[in-house]
Structure formats: C-alpha cells, structure tokens
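A.B. asks: attaching a predicted model along with its sequence, questions to come.
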Amino acid sequence: MTVAGWSATATVDSTGRAWVRLPASIRPGAHAVTMAYSGTAITLPSTTTQSIGVRRVAPTVRTTASGVAYRGYATVHVSVSAKLPASGRVALYAGYYKVGSATLRKSHGHWVATIHTRRILSTGTLALRYGGNHDVAPVLHKVGTVKRTR
C-alpha cells in the first residue's frame, strides 16, 4: 500500500482483508491510496487506486472563567489539547457578540491563551470558539451563562 509517499505491507487474512494503520504524519484531506496484491501460485496479482479522506483531529478544550457578569469584565483561561499542534486563535462570545479573543501559545504540552474581555453587555451563553487549523478541527465550547442581575 502507498499513500502520500508512505508505504506499508500487510498480510491478507482469511476473509481476504488486510489492515494498515496510517501514520500521524499523513495530513488531513483527500489522498489517493494505491494497493497492490502480489498474487499466489493460483491467483493473479492485482493493483488498484482508491481515494480516502483523512479527518482533522478533534481537540479537547478546558476553560476557567472569573468575573463573568452582565456589564462586567471577565478573564477566561483557555487550554486546547490535541494529538497535533492546536495553533491559531480563540474568540469568546456573549450571545452573538464577540467580547474578546487571543492567540494560542504552547505551554507544557498544551496550547493556552488568556482572554481579558471587553465589557459584557449581552446576556445568554458565554461560548468559546476555536477556529481550528489545517490539522485540528474547530470547536465551540460553552464557558457559562451571563445573566442580568439587579
């Protein structure tokens, strides 16, 4: 089997199938996979090419927030973990309004950021959006709820 410049061999099992695990170095996207069967004394050799899709890695997002209040300012600490580098930006929304953003930086094996918000003038869900990158999928993470207090 050959895909994206990487080759592997496998043994065909009793059902006529062979299994190969692709390495993490194969980037997300569509790839042409060429498979070759060498044949036996009673079967002919064969070659075929198929297209496969490699998906982006799903990240894990953790947040801690302080000072979340209507008409207040908040500080949100963000940690994004994935099997591949989770570089990029994160943005914080109160309802439909963007109240802050930051660029992720690597720290102790995680990608982290601290968002200091503008004044939160909207009620509803406080959500973090990570836009993803070429290797890591985007994610929407609920941080909390902003309620109007009297």
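C.D. replies: Structure's in. What do you need?
A.B. asks: which residue is the nearest non-sequential neighbour of Pro29?
C.D. replies: Quick fix: residue 29 is Gly, not Pro. Distances taken as CB to CB, 6 or more residues apart in numbering place Val54 nearest to Gly29, at 6.2 Å, with adjacent residues excluded. The way it works is simple: take the backbone N, C-alpha and C, and place the C-beta from them, glycine included.
A.B. asks: how many residues are close by that neighbour?
C.D. replies: 15 (other CB atoms under 10 Å).
A.B. asks: and the helix or strand bottoming out on mean pLDDT in the chain, what does it pack against?
C.D. replies: None of the helices or strands of the chain scores lower by mean pLDDT, DSSP states H and E than strand 2-3, at a mean of 81. Secondary structure elements in contact with strand 2-3, counted by 3 or more CB pairs under 8 Å, 6 or more residues apart in numbering; DSSP states H and E, are strand 29-37.
A.B. asks: and the contacts of the strand it packs on?
C.D. replies: Applying CB atoms under 8 Å, 6 or more residues apart in numbering, the contact partners of strand 29-37 are 1-4, 12, 43, 45-54.
A.B. asks: what about these, which are in strands?
C.D. replies: Thr2, Val3, Ser46, Thr47, Thr48, Thr49, Gln50, Ser51, Ile52, Gly53, Val54 (DSSP state E).
A.B. asks: I'd assumed Ile52 was in contact with the second one.
C.D. replies: Just to be clear, that refers to Val3. Yes: contact between Val3 and Ile52 holds when scored by CB atoms under 8 Å: they sit 7.3 Å apart.
A.B. asks: the more surrounded of the two?
C.D. replies: Using other CB under 10 Å, the more surrounded residue of Val3 and Ile52 is Val3, with 20 against 12.
A.B. asks: noted, bye for now.
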